[in-house]
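>>> next come a sequence and a model predicted from it.
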Amino acid sequence: MLILIVHIQVKPGRVEDFKRATIDNAHNSLQEEGVVRFDFIQEKERPDRFVLHEVYRSPEAHAHHRETPHYRRWKEAVAEMMAADRSSVKYHPVFLEEV
């Protein structure tokens, strides 16, 4: 498995546009065979900050995800909405509970 935590800061006035585009990407990502989870969360205190929690069956599944039309559409759509470069950290599972 491969787990990614992605931190994103969005420009003022673009939060709702970003949410729409990312929900579309998340919904489509969950249709991929190699995607286990795709959570999209928003910080309460700073609503322009978001986290993507992505769980893939393998590094290859993540590579496949980055080639899908919905990911490419999302990446292009949100590029100008970013207030800063997004950052991500890769993890491996120690304990994951099925929800």
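That came through fine.
>>> contacts only, for residue 33.
Contacts for residue 33 (C-beta atoms under 8 Å, 6 or more residues apart in numbering) come out as 57, 61. To be clear about C-beta, it is placed using only N, CA and C from the backbone, and glycine gets the same treatment.
>>> apologies, that question was intended for residue 88.
Residue 88 touches 4-7, counting by C-beta under 8 Å, 6+ apart.
>>> selecting buried members of these in ChimeraX, what would you type?
To isolate the buried ones among those in ChimeraX, judged by 16 or more other C-beta atoms under 10 Å, type:
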select :4
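>>> now, the contacts of residue 88 that are in strands?
Taking DSSP state E as the definition of strands, the contacts of residue 88 contribute 4-7.
>>> just to check, residue 11 is in contact with residue 78?
No. Using C-beta atoms under 8 Å, residue 11 is not in contact with residue 78; the gap is 10.2 Å.
>>> neighbour count: those two, which is higher?
residue 78 (18 against 14; other C-beta atoms under 10 Å).
>>> which residues touch the closest residue to residue 32 other than its chain neighbours?
Residue nearest to residue 32 in three dimensions, not counting chain neighbours: residue 65, with 6.0 Å by C-beta to C-beta, 6 or more residues apart in numbering. Counting by C-beta under 8 Å, 6+ apart, residue 65 touches 29, 32, 34-35, 54, 56, 71.
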